[in-house]
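Engineer: I'd like to go over a predicted model; first the sequence, then the structure.
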Amino acid sequence: MEAKPPNKHYSPHKRTRISMGVQNGKPKSQVALEEGCSPGSVFGIAKRYRVQQLAVALPRSFHFQPRNQNPGWFNLPY
């Protein structure tokens with residue numbers, strides 16, 4: 001069984017160009033030809049780029065409550 005070749009690394013600039021090309025309405029095959037990668041890579045990069053950009057703007061998925069600094073018996077109401 002032959003070893004699988006390592007995944008190709010694309011620079012942040014190239015990933016941004018790919019994502020912007022797809023967002024501007026270019027076909028994925030055309031973006032792939034222009035950037036020298038496969039259409040599957042274009043699809044995956046555009047999808048991950050969109051998800052990662054959304055992750056920055058999303059609020060926390062839980063309510064943050066600061067940890068009580070004192071043990072419970074210090075917080076008695078008397």
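Structural biologist: Perfect, I can see it now. Predicted model, so just to flag it, every value in this text is computed and none were measured.
Engineer: make it CA atoms for all contacts and neighbour counts henceforth
Structural biologist: OK.
Engineer: flag the shaky bits of the chain, pLDDT-wise.
Structural biologist: For the chain, residues meeting the criterion pLDDT under 70 lie at 54-78.
Engineer: show me where it has its helices.
Structural biologist: Here the chain has its helices, by DSSP state H, at 12-23, 28-35, 39-57.
Engineer: any idea how far residue 42 is from residue 1?
Structural biologist: 28 Å (CA to CA, to the nearest Å).
Engineer: who's more crowded, the two?
Structural biologist: Using other CA atoms under 10 Å, the more surrounded residue of residue 42 and residue 1 is residue 42, with 25 against 3.
Engineer: so who does the more buried one touch?
Structural biologist: Going by CA atoms under 8 Å, 6 or more residues apart in numbering, residue 42 touches 18-19, 28, 31-32.
Engineer: so which of these is the closest to residue 9?
Structural biologist: Residue 9 lies nearest to residue 18 out of the contacts of residue 42, by CA to CA, at 13.4 Å.
Engineer: okay, that closest one and residue 39: tell me how far apart.
Structural biologist: Distance of residue 18 to residue 39, given as CA to CA: 10 Å.
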